[in-house]
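>>> Kindly return the folded structure for what I paste below:
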Amino acid sequence: MLKDIVLVGVGGQGTILASNLLARAALSVGLTVKQSEIHGMAQRGGSVVSFVRFGSRPGESVPSPLVNPGQADSVLAFEKLEALRFAHYLKPGGLLVYSLQELVPTTVSSLGVPYPQDLDDRIRARDAVLVPVDVEAIVARCSNPRVGNVALVGALSAYLDFPEEVWENAVRNTVPRALEANLLALKLGRASPVAAE
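You can find the predicted model right below:
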């Protein structure tokens, strides 16, 4: 039984760092982990996709680092439009944890396509457990604009069966700079999820 997680965001949001944090947490409890990412135009504000797969039991084989559409247990989205664009990766009834932030990727804005006004309705129409997270409010409480990725990992962590200290240690080992702000973001993220009706 594998856990398949897809992380999506816009370049500069820390999507890759978040996937490293997730992989480190899984490794620290003895799980086999495979990880891969697609950077694309990340440095120019384009989409970034990262895949993290791990066994649900120590030593369990993970055959590939890639997650196929319709297979993911969870999608962690750093931006609302990216949440909708990559929701097809979720298996039916999967978990969609997403930031309420609206940040148009250059791959969309360069085409002159307007930001969808009905985005919330389209996300709610998905066959998924929806967990919207007000990342901007958490970042403001942490007084650090760079901790939104850790806040989102914190929100996802509330749905994964790892002890809280595993996540804290993963933060300490992955983002030692601005440690207190990142630990606070993790804590606030863990406390924030309430599945949408």
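
>>> hey, let's count contacts and neighbours off CA atoms from now on
Will do.

>>> Could you verify that Gly9 is part of a helix?
No: counting by DSSP: H, G, I helix; E, B strand; the rest coil, one finds Gly9 to be strand, located in no helix.

>>> partner residues bridging it?
In this entry, Gly9 is beta-bridged to Val48, by DSSP bridges.

>>> pretty sure it contacts Ala77?
Yes: using C-alpha atoms under 8 Å, Gly9 is in contact with Ala77, at 5.9 Å.

>>> Shouldn't Val6 be within a strand?
Yes: counting by three-state DSSP, Val6 is part of a strand.

>>> and it, what does it touch?
Applying C-alpha atoms under 8 Å, 6 or more residues apart in numbering to Val6 gives the contacts Val49, Ser50, Phe51, Val52, Val67, Ala72, Ser74, Val75, Leu76, Tyr89.

>>> all helices of the chain, in order?
Taking DSSP state H, the helices of the chain run over residues 15-28, 80-85, 106-109, 119-124, 135-142, 148-157, 164-174, 179-191.

>>> Minimum distance to Leu95: which of these has it?
helix 148-157 (8.9 Å; C-alpha to C-alpha).

>>> which residue sits closest to Arg124 in space, ignoring its chain neighbours?
Counting by C-alpha to C-alpha, 6 or more residues apart in numbering, Leu130 is the residue found nearest to Arg124 once chain neighbours are left out, at 7.4 Å.

>>> ok so, going back, return the most buried member of the helices of the chain.
Across the helices of the chain, averaging neighbours per residue (mean count of other C-alpha atoms under 10 Å) puts helix 148-157 on top, at a mean of 28.

>>> Right, I'll call it a day here.
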